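Enquirer: quick check, what structure comes out for this input:
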Amino acid sequence: MNVKRVAIMTAALSLVLAGCAPAADSTPSAAGTGSQAELLATYDLDNMDAVEIIDHLDQLETADRPADLIASVYPDELVLTDNTQEVTLDLPQNLSYVSIAPYVDQTHDCFYHSLTTCQGELSNETVDVEITDNTTGETVIDEQATTFDNGFVGFWVPSDIDGTIEISYDGRTGTSDFNTTDEGATCITDLQLV
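Expert: Take a look at the predicted model:
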(Lines give C-alpha, C1' and ligand atoms only; values in the text may rest on other atoms or scores of the structure.)
Protein backbone atom coordinates (compact mmCIF):
# COMPACT_ATOMS: atom_id res chain seq x y z
CA MET A 1 0.00 0.00 0.00
CA ASN A 2 1.22 3.47 -0.68
CA VAL A 3 1.67 5.96 2.16
CA LYS A 4 -1.30 8.15 1.18
CA ARG A 5 -3.57 5.07 1.05
CA VAL A 6 -2.40 3.97 4.50
CA ALA A 7 -3.08 7.45 5.89
CA ILE A 8 -6.57 7.55 4.37
CA MET A 9 -7.46 4.07 5.60
CA THR A 10 -6.06 4.76 9.08
CA ALA A 11 -8.22 7.88 9.28
CA ALA A 12 -11.26 5.95 8.05
CA LEU A 13 -10.74 3.17 10.59
CA SER A 14 -10.41 5.69 13.40
CA LEU A 15 -13.84 7.04 12.43
CA VAL A 16 -15.65 3.74 12.90
CA LEU A 17 -16.75 4.86 16.34
CA ALA A 18 -17.62 8.33 15.07
CA GLY A 19 -19.75 6.94 12.29
CA CYS A 20 -18.61 8.21 8.88
CA ALA A 21 -15.69 9.13 6.70
CA PRO A 22 -14.46 12.73 6.34
CA ALA A 23 -13.29 14.38 3.16
CA ALA A 24 -9.90 13.06 2.08
CA ASP A 25 -7.22 14.73 0.00
CA SER A 26 -7.84 12.30 -2.84
CA THR A 27 -9.93 9.33 -3.77
CA PRO A 28 -8.13 6.05 -3.09
CA SER A 29 -6.84 4.02 -6.00
CA ALA A 30 -7.02 0.24 -6.34
CA ALA A 31 -4.59 -1.58 -4.06
CA GLY A 32 -4.45 -4.31 -1.49
CA THR A 33 -3.37 -7.78 -0.60
CA GLY A 34 -5.42 -10.92 -1.03
CA SER A 35 -7.90 -11.47 -3.78
CA GLN A 36 -10.98 -9.44 -4.59
CA ALA A 37 -13.05 -12.61 -4.82
CA GLU A 38 -11.90 -13.72 -1.36
CA LEU A 39 -12.97 -10.51 0.36
CA LEU A 40 -16.31 -10.38 -1.46
CA ALA A 41 -17.04 -14.04 -0.66
CA THR A 42 -16.21 -13.51 3.02
CA TYR A 43 -19.08 -11.01 3.29
CA ASP A 44 -21.47 -12.78 0.86
CA LEU A 45 -21.00 -9.98 -1.68
CA ASP A 46 -19.73 -12.16 -4.50
CA ASN A 47 -21.91 -12.18 -7.61
CA MET A 48 -22.80 -8.51 -6.93
CA ASP A 49 -21.52 -5.46 -8.76
CA ALA A 50 -20.72 -2.16 -7.01
CA VAL A 51 -24.29 -0.83 -7.34
CA GLU A 52 -25.76 -4.01 -5.87
CA ILE A 53 -23.25 -4.06 -3.01
CA ILE A 54 -23.98 -0.42 -2.10
CA ASP A 55 -27.73 -0.99 -2.17
CA HIS A 56 -27.39 -4.19 -0.13
CA LEU A 57 -25.07 -2.84 2.58
CA ASP A 58 -26.86 0.50 3.03
CA GLN A 59 -30.18 -1.27 3.54
CA LEU A 60 -28.95 -3.84 6.07
CA GLU A 61 -30.38 -3.77 9.56
CA THR A 62 -27.87 -2.06 11.84
CA ALA A 63 -27.35 -5.24 13.87
CA ASP A 64 -26.56 -7.20 10.68
CA ARG A 65 -23.84 -4.87 9.38
CA PRO A 66 -20.42 -6.55 9.27
CA ALA A 67 -18.41 -4.98 12.10
CA ASP A 68 -15.02 -5.72 10.54
CA LEU A 69 -15.76 -4.37 7.05
CA ILE A 70 -15.38 -0.71 6.09
CA ALA A 71 -17.30 0.07 2.90
CA SER A 72 -16.79 3.66 1.72
CA VAL A 73 -18.62 5.25 -1.19
CA TYR A 74 -16.53 7.76 -3.16
CA PRO A 75 -17.81 9.74 -6.17
CA ASP A 76 -16.55 7.18 -8.68
CA GLU A 77 -15.77 4.02 -6.71
CA LEU A 78 -16.64 1.78 -3.79
CA VAL A 79 -13.76 0.83 -1.49
CA LEU A 80 -14.15 -2.25 0.72
CA THR A 81 -11.52 -3.02 3.33
CA ASP A 82 -11.01 -5.25 6.32
CA ASN A 83 -7.90 -5.79 8.44
CA THR A 84 -6.08 -7.70 5.71
CA GLN A 85 -7.21 -6.65 2.24
CA GLU A 86 -8.87 -3.97 0.18
CA VAL A 87 -11.05 -4.06 -2.92
CA THR A 88 -11.96 -1.13 -5.16
CA LEU A 89 -14.94 -1.37 -7.50
CA ASP A 90 -15.78 1.27 -10.11
CA LEU A 91 -19.21 2.90 -10.06
CA PRO A 92 -21.14 3.47 -13.30
CA GLN A 93 -19.74 6.52 -15.12
CA ASN A 94 -23.09 8.27 -15.45
CA LEU A 95 -24.44 7.64 -11.92
CA SER A 96 -23.52 8.80 -8.44
CA TYR A 97 -24.76 7.55 -5.09
CA VAL A 98 -25.98 10.11 -2.57
CA SER A 99 -26.90 8.93 0.91
CA ILE A 100 -28.87 11.39 3.03
CA ALA A 101 -29.50 11.35 6.79
CA PRO A 102 -32.19 13.94 7.53
CA TYR A 103 -32.32 14.92 11.17
CA VAL A 104 -34.34 16.90 13.69
CA ASP A 105 -32.05 17.13 16.73
CA GLN A 106 -28.80 15.27 16.19
CA THR A 107 -26.34 14.70 13.33
CA HIS A 108 -22.65 14.09 12.67
CA ASP A 109 -20.02 15.25 10.18
CA CYS A 110 -19.60 13.06 7.14
CA PHE A 111 -18.30 13.43 3.58
CA TYR A 112 -17.85 9.93 2.09
CA HIS A 113 -20.65 7.62 3.14
CA SER A 114 -19.65 4.53 5.10
CA LEU A 115 -22.16 1.79 4.41
CA THR A 116 -21.24 -0.15 7.54
CA THR A 117 -20.60 2.54 10.17
CA CYS A 118 -22.70 5.64 9.41
CA GLN A 119 -25.74 6.06 11.66
CA GLY A 120 -28.37 8.78 11.31
CA GLU A 121 -31.09 9.92 13.69
CA LEU A 122 -34.29 8.87 11.90
CA SER A 123 -34.40 5.10 11.45
CA ASN A 124 -37.21 3.45 9.48
CA GLU A 125 -39.22 6.65 9.02
CA THR A 126 -41.29 7.66 5.99
CA VAL A 127 -40.02 10.83 4.29
CA ASP A 128 -40.92 12.73 1.12
CA VAL A 129 -37.85 13.38 -1.03
CA GLU A 130 -37.37 15.77 -3.94
CA ILE A 131 -33.99 16.11 -5.62
CA THR A 132 -33.59 18.81 -8.26
CA ASP A 133 -30.82 19.51 -10.77
CA ASN A 134 -30.23 23.24 -10.24
CA THR A 135 -28.73 23.79 -13.72
CA THR A 136 -31.64 22.36 -15.70
CA GLY A 137 -34.41 22.75 -13.13
CA GLU A 138 -35.25 19.07 -13.72
CA THR A 139 -36.66 17.05 -10.84
CA VAL A 140 -34.41 14.00 -10.60
CA ILE A 141 -36.19 12.28 -7.68
CA ASP A 142 -39.70 12.93 -6.38
CA GLU A 143 -40.92 10.10 -4.16
CA GLN A 144 -41.87 8.92 -0.74
CA ALA A 145 -39.20 6.71 0.81
CA THR A 146 -38.46 5.00 4.09
CA THR A 147 -35.13 5.69 5.77
CA PHE A 148 -33.01 2.60 6.26
CA ASP A 149 -32.28 1.19 9.71
CA ASN A 150 -29.11 3.30 9.69
CA GLY A 151 -31.20 6.50 9.38
CA PHE A 152 -30.15 7.19 5.79
CA VAL A 153 -31.98 7.08 2.50
CA GLY A 154 -29.91 6.58 -0.63
CA PHE A 155 -30.45 7.48 -4.27
CA TRP A 156 -28.66 6.91 -7.56
CA VAL A 157 -28.62 10.25 -9.37
CA PRO A 158 -26.87 11.58 -12.50
CA SER A 159 -23.17 12.36 -12.19
CA ASP A 160 -21.81 15.88 -12.58
CA ILE A 161 -24.82 17.84 -11.36
CA ASP A 162 -25.30 20.60 -8.80
CA GLY A 163 -28.58 20.13 -7.04
CA THR A 164 -30.85 20.65 -4.08
CA ILE A 165 -32.35 17.99 -1.84
CA GLU A 166 -35.63 18.74 -0.07
CA ILE A 167 -37.01 16.31 2.49
CA SER A 168 -40.27 16.56 4.41
CA TYR A 169 -41.13 14.51 7.49
CA ASP A 170 -43.81 14.84 10.16
CA GLY A 171 -44.71 18.43 9.21
CA ARG A 172 -41.07 19.49 9.02
CA THR A 173 -39.01 20.30 5.93
CA GLY A 174 -35.30 20.76 5.26
CA THR A 175 -33.07 21.39 2.26
CA SER A 176 -29.42 20.86 1.41
CA ASP A 177 -27.32 21.66 -1.64
CA PHE A 178 -25.12 18.93 -3.09
CA ASN A 179 -23.09 18.06 -6.17
CA THR A 180 -22.05 14.83 -7.80
CA THR A 181 -18.75 15.99 -9.27
CA ASP A 182 -15.44 14.29 -8.48
CA GLU A 183 -15.18 16.57 -5.42
CA GLY A 184 -18.75 15.97 -4.23
CA ALA A 185 -19.85 14.39 -0.97
CA THR A 186 -21.64 11.05 -1.03
CA CYS A 187 -22.89 11.51 2.54
CA ILE A 188 -25.33 14.34 3.29
CA THR A 189 -25.81 14.89 7.03
CA ASP A 190 -26.55 18.65 7.15
CA LEU A 191 -30.23 18.44 6.16
CA GLN A 192 -32.08 19.56 9.30
CA LEU A 193 -35.84 19.23 9.37
CA VAL A 194 -37.48 22.31 10.93
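
Enquirer: where exactly do the strands run in this protein?
Expert: 70-73, 77-81, 86-90, 95-100, 126-133, 139-146, 153-158, 162-169, 172-179, 187-188 (DSSP state E).

Enquirer: so what's the residue most central in space within the chain up against?
Expert: Central residue of the chain (CA atoms, centre = their mean): His113, 3.0 Å from the mean position. His113 sits next to Cys20, Ala21, Asp58, Ser72, Val73, Tyr97, Ser99, Phe152, Gly154, Thr186, Cys187 when contact means CB atoms under 8 Å, 6 or more residues apart in numbering. Every residue, glycine included, has its C-beta placed from N, CA and C.

Enquirer: who's sitting farthest from the centroid in this protein?
Expert: Distance to centre of the chain, CA atoms, centre = their mean, peaks at Gly171 (26.2 Å).

Enquirer: neighbours around the nearest residue in space to Gly120 that is not next to it in sequence, how many?
Expert: Distances taken as CB to CB, 6 or more residues apart in numbering put Gly151 closest to Gly120, at 2.4 Å, once the chain neighbours are dropped. Gly151: 24 surrounding residues under other CB atoms under 10 Å.
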